[in-house]
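Trainee: build the 3D model from these lines:
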Amino acid sequence: MAELAGVYAASHGPLIIRKWDSVSPAHQQALTGAFDELGRRIRAPRLDALVIISPDHWVNFFIDNLPMICIGVGDTHGGPNEPWMVKEFPHPTLPGHPQLARHILDTALETGFEPSVSHQMLLDHGFCIPLLKAGVDPLPIVPIVFNDIEPPFPTVRRCYAWGEMLAQAIATMPGDLRVGVLASGGLSHSVGEATMGLVEEEFDRECLAHFAAGDRQHCAIF
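Mentor: Numbering: from 1, shown residues only. Predicted structure coming up:
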């Protein structure tokens, strides 16, 4: 059976790429060090596949067709099509892992989830910035889109249940696979708002503490 060999999380803030030259030297150094460490941790277990969870930023979906959850099951996935990412990201396509993706899909259906499916997913900056900044060479990827762009959103309780399902799917996947899971996103931030750039550090650290503790109790209140 497969093994869950690592779980990771990273920001995919576009300004990490688009406005890198305007980032202060101190923040550049901190970000570079953090992403270097992320890359080391992803490479260390010699993963056979990486599940990446990220929102879709109007690249695959729009408000006329907006799934709550979508699994990319293709043999390959398209790289980012945002002009500012195309210039920086060296891979026009990335390999998929359709066998693992379909096993996750089957497990989801068996446990009460009904995700959408994409055979031709484009992986936008949400999926690709962590790989780029961490210096991770392409490895087979299972992309999973979670909608947190336009309401209604999945509840925190539902997200927690998805994580439990995903761990079960990996543990029951036939074969000698080493699988990692990368969550790509952000905590306190607002895009295109007057408060853009504001970070609620105390709130963020409290969230991270609950994540680290696997705090089911706090998930149940949402």
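Trainee: what mean pLDDT does the helix or strand harbouring A212 have?
Mentor: Element membership for A212 (DSSP states H and E) is helix 201-213. Regarding helix 201-213, the rounded mean pLDDT is 87.
Trainee: just the C-alphas of that helix, formatted as CSV.
Mentor: The C-alpha coordinates for helix 201-213 follow below in CSV (Å, rounded to 0.1, in the frame of the first residue of the first chain):
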residue,chain,number,x,y,z
GLU,A,201,-0.4,37.7,12.4
GLU,A,202,-2.0,36.8,15.7
PHE,A,203,-5.0,35.2,13.9
ASP,A,204,-2.7,33.4,11.5
ARG,A,205,-0.5,31.9,14.2
GLU,A,206,-3.6,30.8,16.1
CYS,A,207,-4.9,29.0,13.0
LEU,A,208,-1.5,27.4,12.4
ALA,A,209,-1.5,26.1,16.0
HIS,A,210,-4.9,24.5,15.5
PHE,A,211,-3.7,22.9,12.2
ALA,A,212,-0.6,21.6,13.9
ALA,A,213,-2.6,20.1,16.7
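Trainee: buried set for that helix?
Mentor: Applying a neighbour-count criterion of 16 or more other C-beta atoms under 10 Å, one finds F211 buried in helix 201-213. The way it works is simple: take the backbone N, C-alpha and C, and place the C-beta from them, glycine included.
Trainee: chain center to it: distance?
Mentor: Distance, stretch centre to chain centre, for helix 201-213: 18 Å (C-alpha atoms, centre = their mean, to the nearest Å).
Trainee: please give me every residue in contact with the nearest residue to G13 once chain neighbours are set aside.
Mentor: In space, and not counting its chain neighbours, G13 is closest to G186: 6.2 Å by C-beta to C-beta, 6 or more residues apart in numbering. By C-beta atoms under 8 Å, 6 or more residues apart in numbering, the residues touching G186 are 11-13.
Trainee: closest to C128 out of those residues?
Mentor: Closest approach between those and C128, by C-beta to C-beta: H12, at 8.0 Å.
Trainee: can you list the domain ranges for this structure.
Mentor: Domain segmentation of the chain under automatic domain parsing yields 3-186, 187-222.
Trainee: for the protein, list the residue farthest from the centre, please.
Mentor: P25 (26.9 Å; C-alpha atoms, centre = their mean).
Trainee: per-residue confidence for that residue?
Mentor: The model's pLDDT for P25 equals 93.
Trainee: so which residues of the protein form helices?
Mentor: Ranges of helices within the chain are 15-18, 25-43, 83-86, 98-110, 125-134, 156-171, 201-213, 216-219, based on DSSP state H.
Trainee: distance-wise, check the residue nearest to G13 relative to F113.
Mentor: From G186 across to F113, the span is 24 Å (C-beta to C-beta, to the nearest Å).
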